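Chemist: pasting the sequence and the predicted coordinates here, then a few questions.
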Amino acid sequence: MIKQFKQMPVAGNWACSARDSVKRQLLLVVVLFAVMSILKPSLFLTSSNLNAMAYQFPEYGLIALGVMFAMIAGGIDLSLIGIANLTAILMAKLLILWTREEMSGIQNIGIFFICFLLCMMIGAVCGMLNGCLISGLKIPAMLATLGSLQLFSGIGMIITKGKAITGVPEAYVRMGTGKLFGFLPVPLVIYMAAVFACYYIMSRSTFGMRLKLMGTSQKAALFAGQNNKRTTVKAHMAGGILASFSGLIMLARMNSARPDFGSSYTMQSILIVVLGGVDPAGGFGTVRGVVLATLILQCFSSGLNMFPTISPYLKQLAWGLTLLVVMIMNFYSRQRKAE
Amino acid sequence: MDKVKKIYTRNEFYTAALILVLAVFIELRSGLFFTSNNILDILRAMIVPGMLGLSEYIVMVSGGCDVSFPYSAALSMYSTIILLKAVDFMGNVMIAFLLSCLFGIVIGMVNGLIIMRYRFPVLIVTLATCSICQGILFGILNAHEIPAIPQPIQSLAKSMLIRTYSEKAQMAGSLPLVFLVFFILTAAVWFLMRRTAMGRSIFAVGGDVGSAERIGIKVNYVYMFIYGFAGFIAGLTGMTRVVLMDTCHPNTFSGMDMTVIAAVILGGTKVTGGSGSITGVMLGTLLFVIVNNSLQLMGIPNYWQKFFLGVLIVLGTGIAAFQVSRKRKKGKAG
Amino acid sequence: MDNTILSLKGISKSFGGVHALDRVDLEVKKGQIHCLMGENGSGKSTLIKIISGVYEPDKGEILLNGRKYESLTPAESVKQGVSIIYQDFSIFPNLTVAENIFFGYVIAENQKLTHNQENIRKAQSIAKEIGLEADMGEILENLSVAQKQMVAICRALLNNAKLIIFDEPTTALTQREVKRLFSLIRDMQKKGVSTLFVSHKLEEVFEIAEEFTIIRNGKKVITTCAASITREKFIYYMTGRKLSEDQFVCEEKTEQVPLLEVKGLSMEGVYQDISFSLYPGEILGIIGLLGSGRTELALSLFGMEPAQKGQIFKNGKEIKLTSVKQAMEHHIGYVPEDRLSEGLFLPQSINWNVGISNLGMYAGRLGRLLKTEMRTVTQQYVKSLSVNTTEIDKPANFLSGGNQQKIVIARWLSCNPEIMIFNCPTVGVDIAAKFDIHKILRTLASQKIGIVIISDDIPEVYANCNRILIMQKGQIVKELSNTETSETELYSLMGSEYSDEKEAAE
């Protein structure tokens, strides 16, 4: 029996258009950077500004990488900020509970390390729950993660009783906001490590191929002998782990943890992922594109901060417009190619 | 017999059952659920999420998912109020509503134009327009709370439809006049979706866009209508909210997107499009409002709210999804 | 008065320099059953789209009911009484039967309100007229394929159709439903409705058509009446080549132990007590109607829908097949019936489409993908199966149907299969590619691979299988060797369950 194949309006030539959009993005990053530098060289090109940028974007950059996994798998993940906050809260609780003033440095590091591993596991477990809801119970990804977002932040709420947790040991804050070798901010190091790992997984490993093919067609993947449940769960676990890193960075930067922090990150991360050329229907997308889109957003918003007369809320306006314009540009370039 | 069976398999049934169980439970724990003031409170709290739910319902039936309404409603509401304040408006309050609806329609049409022309995923387009509205609202208009709203709106805010006093709770309750707006809108949407060719076209587009095009439905026109109408409802809701709160706060809708979408889905509307009922939307909204409003009645701290909502969404969608897969299995065997 | 309803003269249409249609003529008379034949990609669907007004022809003229059009709009075409029953019927699964029938009418009449009693009554009377037995309030999803098609026909009739175009209408129907469709078409003919029947199945066309037009590569080859042409001529006109197939002869069985043996396999309500054995180098055919349990049986052998009872032996040892993974561990491959949705990842590269099932082989340390190894293997199979491309990085949807099917076959061959199950391997594939695929099957059999073909294409099974099992209502009722049967016998055996039923009822 042949059913007429319904072509997704966005699928098809996404692969070649994504390659184009990477080129365009690279150009955009350079142009943005140059324009900002020329307009406000005394502010933009200072080490303190570049420093600030390097501390900011890893937080949502990590979440965007997590969303990328979910979207390439053919779904979406709205719960990652919830996971990030939950891990931040638990990390804060554990650190406050276990560290004592009289402890030595090595003991501190040991405890920190255990907490770190625990938090990563929590991120993975939360991601696993998402994956199970989606592939086991067959709940549409958007709904499942919408629900689990409420669930994760709800658990955070119960733990904190709705208030912020403060008083994280100073050693942790110093470590999280410090610099490796004196010049590489720790959040940036974590981000770069995550980017490298994601790149390896997406472009160099068998899992990346499995994930992209499953995102293209779940049914065809089943008939090709693939274990879709496992692939979906793994993709969401990767997202959960990335989100937990983001939570740990946030905790260090804010010196506190709250269950409703960073609620704008969800929208922002989807924006980044689509800007980065990931196909919203699944199956196509590159780590390169997502990283470049993250940089574009950071350059743009840091640049805007240089102009005190411009309201920071205009960023939102600009992001929305950029997303639409980029999608429309991709649309026309694909159309031209099809002809 | 057949009909009874059908009711069992519908999501609305489970939602209604859950509401009943919850209501009885709260009544047993606190004895304050079935009091006139609590019932009126719940009805009052349903107005705004219920209206937004209707707009989301229309979009979802056509196969999309609109997330722009929190800020398109806020933007149309806020621009109307500053405009009216600028001219020292003293005329008929209907003009305020009309103006707000007009703003809403314009924003909705922008959504509609992009979706119609390019057929991009609705979620992403509306995410973008939501961001744009937010930018205009806070970046260009420098929005902040306006407590002193124009006189005609203030007087509408004070008009009540029903006033009661509950002996049991020793509290007065009231239902504002704008409840009628909600009521009429619900009836209108019901008529639109069930009885008009346009409404059925929306269902048809949600069922299969290609087929709809081939049998001669003007799909582009339908898309424009859907998003224009959704924008209209957003504008209407914005002004209703001002009347209800007796103040104009630009952040009044933030965070509502998730709960409204969840309520519509809990009521049995399919995210994949083509199916859903107004009864379901109302039941879903009611369930959320009860959970929101009544936790205090049971003596559960407020910070448990989110957790319960999360559990509800996961359970509700889980049951729906489980039923679909069971039905499919049965169909195969038989 | 002129008795032609539709007449196309010298229609040409090209897309970006490629001629899809080149000066095609076509004439359908009032009340005639006319068949439009051609291979996939011959320009049939472009022609339909021109008649329905979706495409504008570059040259030529269209005459509908004697009126001349340079180009048509869809609305005008419908107004002139042209209705198309698409392959997927273009119906709405989420609406009721009645709504599906009268919706087109509501749109055409520009009614603002629906659901009035008048419309429902109209739908009901049309349904009754053509014998559609379904509750008007039922949601369409719950209907069978044949019923859905009848709903589409009802809709066309309600729109006052004078010419109904059927686009490959029998693909998803059982033999019995095809019979019923044909009698319906003849009934409509008596009422003066013309039919343009688009197909590539010879048997059907010979049965139903009064006159037919064959097009090839966008050009009209011939218009003739059914009686004056032989089968061989027909194939020649369709393909431009003379093709015929010899019967497959299996090499002598040397082994005593069957490669695959199935004993008493059952799945509740689907199939019962299935037993057969397959020897290496054999091509075993299982034929049955849609709904006879043939597809479910195939899926059970592939571990996808495990059987509930029974035993499966491979090389004499009992094996369990409860997951696809297990089936693959036992080197069982499966080529699904719907290659577009089940077989292929259409927008992804040919290379990945071939490599996916054998990823375990291409995994290095830390899950690294050994790209060069994968490419080499893919290239080798693309060459040996003579897939019509060398660029393995192109997406699979660039290929024609036959070449796409070869990609799916290449995927399983790269896994070193010992048993291959083919479910309707040549559906929607043109005749030339069909024979190519049959050649591949025979080569595989000569390499001692055991092959099972599940199909309702009787000529295919007859020519290519050395043993044929006939499946009815979930049971195997007969086993035949291809040397001791004929196509006609197979046809009557496959459809016989319904005549049995009739006798029993009497």
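Modeler: Alright, I've got the coordinates.
Chemist: does residue C:112 touch residue B:196 like I think?
Modeler: Yes - Residue C:112 is within contact range of residue B:196, at 6.2 Å (criterion: C-beta atoms under 8 Å). No exception for glycine: its C-beta is placed from N, CA and C like everyone else's.
Chemist: those two: who's more crowded?
Modeler: residue B:196 (16 against 10; other C-beta atoms under 10 Å in any protein chain shown).
Chemist: quick one: contacts for the more buried one?
Modeler: C:112-114 (C-beta atoms under 8 Å, 6 or more residues apart in numbering or on different chains).
Chemist: rerun that using 6 Å as the cut-off
Modeler: Counting by C-beta atoms under 6 Å, 6 or more residues apart in numbering or on different chains, residue B:196 touches residue C:113.
Chemist: and residue C:163, by the same measure?
Modeler: C:5-6, C:82, C:194.
Chemist: in strands, which of the residues you listed fall?
Modeler: Secondary structure from DSSP state E places C:5-6, C:82, C:194 of these in strands.
Chemist: ChimeraX command for the buried members of those?
Modeler: A single ChimeraX command selects the buried members of those (16 or more other C-beta atoms under 10 Å in any protein chain shown):
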select /C:5,6,82,194
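Chemist: which pair of the ones in strands among the contacts of residue C:163 spans the longest distance?
Modeler: Using C-beta to C-beta, these reach their maximum pairwise distance at C:82 and C:194, which is 9.7 Å.
Chemist: count of residues packed around residue A:304?
Modeler: For residue A:304, using other C-beta under 10 Å, the count is 17.
Chemist: which neighbouring elements make contact with the helix or strand containing it?
Modeler: Residue A:304 is part of helix A:287-305, with elements assigned from DSSP states H and E. Helix A:287-305 sits against helix A:14-39, helix A:47-72, helix A:186-199, helix A:265-275, with contacts defined as 3 or more C-beta pairs under 6 Å, 6 or more residues apart in numbering or on different chains; DSSP states H and E.
Chemist: closest to chain A out of the contacts of residue C:163?
Modeler: residue C:82 (19.9 Å; C-beta to the nearest C-beta).
Chemist: is that closest one in a bridge, and if so with what?
Modeler: Assessed by DSSP bridges, residue C:82 has beta-bridge partners residue C:163.
Chemist: any idea of the pLDDT on it?
Modeler: pLDDT for residue C:82: 88.
Chemist: what separation do you get for it and residue C:111?
Modeler: As judged by C-beta to C-beta, to the nearest Å, residue C:82 and residue C:111 stand 21 Å apart.
Chemist: could you list the low-pLDDT ranges of the stretch 101-250 of chain B?
Modeler: For the stretch 101-250 of chain B, no stretch is flagged by pLDDT under 70.
Chemist: so which bits of it are right by chain C?
Modeler: Counting by C-beta under 6 Å from any C-beta of the partner chain, the residues of the stretch 101-250 of chain B lying close to chain C are B:195-197, B:200, B:204, B:207-208, B:211, B:214-217.
Chemist: list the contacts of residue A:133.
Modeler: Counted by C-beta under 6 Å, 6+ apart, residue A:133 has contacts A:139, A:144.
Chemist: circling back: out of the ones in strands among the contacts of residue C:163, the closest to residue B:293 would be?
Modeler: Checking the ones in strands among the contacts of residue C:163 one by one against residue B:293 (C-beta to C-beta), the nearest turns out to be residue C:82, at 58.6 Å.
Chemist: which outside residues touch stretch A:262-275?
Modeler: If you take C-beta under 6 Å, 6+ apart as the criterion, stretch A:262-275 is touched by A:60, A:63-64, A:67-68, A:71, A:78, A:81, A:290, A:293-294, A:319, A:323, A:326, B:124, B:127.
Chemist: excluding its backbone neighbours, what's nearest residue A:287?
Modeler: The shortest distance from residue A:287 to any non-neighbouring residue, by C-beta to C-beta, 6 or more residues apart in numbering or on different chains, is to residue A:199 (4.5 Å).
Chemist: can you name the residue of chain B nearest to chain A?
Modeler: residue B:135 (2.4 Å).
Chemist: what strand or helix carries that residue?
Modeler: Counting by DSSP H and E, residue B:135 is found in helix B:122-135.
Chemist: packing partners of that helix?
Modeler: helix A:314-338, helix B:69-86, helix B:93-118.
Chemist: deepest-packed of those helices, please.
Modeler: Among these, the stretch with the highest mean neighbour count (mean count of other C-beta atoms under 10 Å in any protein chain shown) is helix B:69-86, at a mean of 24.
Chemist: export it as PDB, just CAs?
Modeler: The C-alpha coordinates for helix B:69-86 follow below in PDB (Å, rounded to 0.1, in the frame of the first residue of the first chain):
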ATOM      1  CA  PHE B  69      -1.000  35.900  23.200                       C
ATOM      2  CA  PRO B  70       0.400  36.900  26.600                       C
ATOM      3  CA  TYR B  71       2.100  39.900  25.000                       C
ATOM      4  CA  SER B  72      -0.100  40.600  22.100                       C
ATOM      5  CA  ALA B  73      -3.000  40.900  24.700                       C
ATOM      6  CA  ALA B  74      -0.800  43.100  26.900                       C
ATOM      7  CA  LEU B  75       0.400  45.300  24.000                       C
ATOM      8  CA  SER B  76      -3.100  45.900  22.600                       C
ATOM      9  CA  MET B  77      -4.400  46.600  26.100                       C
ATOM     10  CA  TYR B  78      -1.600  48.900  27.000                       C
ATOM     11  CA  SER B  79      -1.600  50.900  23.800                       C
ATOM     12  CA  THR B  80      -5.400  51.400  24.100                       C
ATOM     13  CA  ILE B  81      -5.100  52.700  27.600                       C
ATOM     14  CA  ILE B  82      -2.300  55.200  26.900                       C
ATOM     15  CA  LEU B  83      -4.200  56.300  23.800                       C
ATOM     16  CA  LEU B  84      -7.400  56.900  25.700                       C
ATOM     17  CA  LYS B  85      -5.500  58.600  28.500                       C
ATOM     18  CA  ALA B  86      -3.900  60.900  26.000                       C
END
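Chemist: work out the gap between it and the centre of the chain.
Modeler: Taking C-alpha atoms, centre = their mean, to the nearest Å, one finds helix B:69-86 lying 18 Å from the centre of the chain it belongs to.
Chemist: and the angle from it to helix B:93-118?
Modeler: Relative orientation of helix B:69-86 versus helix B:93-118 (axes from the mean of the first three to the mean of the last three C-alpha atoms, to 10 degrees): 140 degrees.
Chemist: touching chain A at all, helix B:69-86?
Modeler: No - Helix B:69-86 does not reach chain A (C-beta under 6 Å from any C-beta); its nearest approach is 9.1 Å.
Chemist: what lies in contact with that helix?
Modeler: By C-beta under 6 Å, 6+ apart, helix B:69-86 touches B:52, B:99-100, B:103-104, B:107, B:130, B:133-134, B:137, B:143, B:146, B:150, B:234-235, B:237-239, B:242, B:248, B:250, B:253-254, B:256-257.
Chemist: now the helices and strands packed on helix A:287-305 in TSV, with distance to residue C:435, mean pLDDT and mean neighbour count?
Modeler: Shown next, in TSV, are the helices and strands packed on helix A:287-305 (distance: least, C-beta to C-beta, whole Å; pLDDT from 0 to 100; neighbours: other C-beta atoms under 10 Å in any protein chain shown):
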stretch	distance to residue C:435	mean pLDDT	mean neighbour count
helix A:14-39	33	69	16
helix A:47-72	40	90	23
helix A:186-199	46	94	18
helix A:265-275	46	85	26
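Chemist: specify the local secondary structure of residue C:453.
Modeler: With DSSP: H, G, I helix; E, B strand; the rest coil as the basis, residue C:453 sits in strand.
Chemist: also residue C:173?
Modeler: Using three-state DSSP, the structure places residue C:173 in coil.
Chemist: again with the one 10 residues further on
Modeler: For residue C:183, the assignment made with three-state DSSP gives helix.
Chemist: circling back: what does the helix holding residue B:135 rub up against?
Modeler: Contacts for helix B:122-135 (C-beta under 6 Å, 6+ apart): A:267, A:274, A:280, A:313-314, A:316-317, A:319-320, A:323-324, B:64-68, B:71-72, B:75, B:111, B:114-115.
Chemist: now it against helix B:69-86, angle please.
Modeler: Going by the same axes, to 10 degrees, helix B:122-135 makes 30 degrees with helix B:69-86.
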